[in-house]
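Participant: return a 3D structure for these sequence lines:
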Amino acid sequence: MSRRHKHEEHTNHEAWAIPYADLLTLLLAFFVVMYAISSVNEGKYRVLSDSLFAAFRGSPRTLQPVQVGEKAVGSGADIQMTIVQQAMLEGQPRSMLEPSPINMGDPSKNARHASNTTYDSETTQSAEAVAQLETVAREVEQAMATLVDQNLIAVRRHGHWVEVEIRTDILFPSGVATLEPAAVNVMKQLAETLKPFPNPIRVEGHTDNRPISTRAFPSNWELSSARAASVVHLFTETGLEPARLAVIGLGEYRPAQDNATAEGRNANRRVVLVILSGDTPPEGNYAEDRGKQDEPAIEARDGVVDIRASATP
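Facilitator: Numbering: from 1, shown residues only. Model (predicted):
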């Protein structure tokens, strides 16, 4: 009896094509549906382009953007179109639109870009203040040229302030805070030079480290302060505005040189005029907030309660 042979089944190597074709069909259907429900309004993009162009370079180049499809009444494109038309008719596109450029990559760059105008303004003001200080320094050097050549007066530039250092050899006798008669004319000439400029001035008095204890001056603090005050009194009598001036007594605690030698002690006995930039008070901006205290302030705007700190007298 003959044996029946069992046929071996063959593997179908192209079976993957069926699910792959189904996947492609589904993807095609998906993109067809997405395209069908999407609505691209080219008019909106044209209005946006015209708005940005008007804000940064001038008036819009067109008032009639290309409209694709129907435009709903009160849509964003309709409102933007009205703004662009008003801006162009009034000739003030920048003030009407005021767009804010956004850099999605770096939020810190957005903040810096939003305050570029403030930085530019501060930079301009700073440059003008430095230029004015340079003018003050030159005027003082010219007026005090003889004493500058004798190293009795030194003018030093420090960017946002100028120092005029005057050795007390030409101002005060030892242990005295009254100006010598010969020094009065010198200081009046210096005051006349500084009078036209609005810069605030700090008058600093300095001494050496030799102790003093008299009825008038119990310590070098009082001596240095009294010497600076004598200069300020003379300046105000000459016509400088008192609000521009401040008296500071630093005693022996800001030495310019070592007090171990006679030359060092002589260099440390000095009066320094610190001429500041701008027109702020000589003691600093914090003077405007003197006597004020931070308190929480509560404000309601548009139904939202805003709590923040405010300074009230």
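Participant: and the gap between the closest residue to Asp208 other than its chain neighbours and Asp22?
Facilitator: Nearest non-adjacent residue to Asp208, counting by C-beta to C-beta, 6 or more residues apart in numbering: Arg265, 3.8 Å away. No exception for glycine: its C-beta is placed from N, CA and C like everyone else's. Separation of Arg265 from Asp22 (C-beta to C-beta, to the nearest Å): 100 Å.
Participant: those two: which is more packed in?
Facilitator: Arg265 (18 against 10; other C-beta atoms under 10 Å).
Participant: that one is in contact with Asn209, isn't it?
Facilitator: Yes. The pair Arg265 / Asn209 is scored as a contact, 7.4 Å apart, by C-beta atoms under 8 Å.
Participant: mind listing the shared neighbours of the two?
Facilitator: Asn259 (C-beta atoms under 8 Å, 6 or more residues apart in numbering).
Participant: shaky segments in this structure?
Facilitator: 1-13, 39-42, 44-45, 55-125, 285-313 (pLDDT under 70).
Participant: and with 80 instead?
Facilitator: For the chain, the stretches with pLDDT under 80 are 1-18, 35-126, 278-280, 284-313.
Participant: let me see the ranges of the helices in the chain.
Facilitator: Secondary structure of the chain (DSSP state H): helices located at 17-37, 42-56, 76-90, 93-97, 107-114, 116-143, 145-149, 181-194, 220-238, 262-268.
Participant: give me the buried positions along stretch 169-184.
Facilitator: 170-172, 176-177, 179, 183 (16 or more other C-beta atoms under 10 Å).
Participant: outside of that stretch, which residues touch it?
Facilitator: 147, 152, 186-187, 212, 214, 216-217, 223, 226-227, 229-231, 234, 266, 269, 271.
Participant: measure that stretch end to end?
Facilitator: 13 Å (C-alpha to C-alpha, to the nearest Å).
Participant: mind starting the numbering at 51 from now?
Facilitator: Sure, I'll start numbering at 51, so the last one becomes stretch 219-234.
Participant: just the CA atoms of stretch 260-270, as PDB, please.
Facilitator: The C-alpha coordinates for stretch 260-270 follow below in PDB (Å, rounded to 0.1, in the frame of the first residue of the first chain):
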ATOM      1  CA  ARG A 260      47.200 112.400  64.900                       C
ATOM      2  CA  PRO A 261      44.700 112.700  67.700                       C
ATOM      3  CA  ILE A 262      43.100 116.000  68.600                       C
ATOM      4  CA  SER A 263      41.100 116.900  71.700                       C
ATOM      5  CA  THR A 264      40.100 120.500  72.200                       C
ATOM      6  CA  ARG A 265      36.900 122.200  73.300                       C
ATOM      7  CA  ALA A 266      36.000 122.900  69.700                       C
ATOM      8  CA  PHE A 267      37.100 119.600  68.200                       C
ATOM      9  CA  PRO A 268      37.000 116.600  70.500                       C
ATOM     10  CA  SER A 269      38.200 114.400  67.700                       C
ATOM     11  CA  ASN A 270      39.200 114.400  64.100                       C
END
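Participant: return the distance of Ala181 relative to Gln239.
Facilitator: From Ala181 to Gln239 the distance is 24 Å (C-beta to C-beta).
Participant: neighbour-wise, which of these two wins?
Facilitator: Per other C-beta under 10 Å, whichever of Ala181 and Gln239 has more neighbours is Gln239, with 13 against 10.
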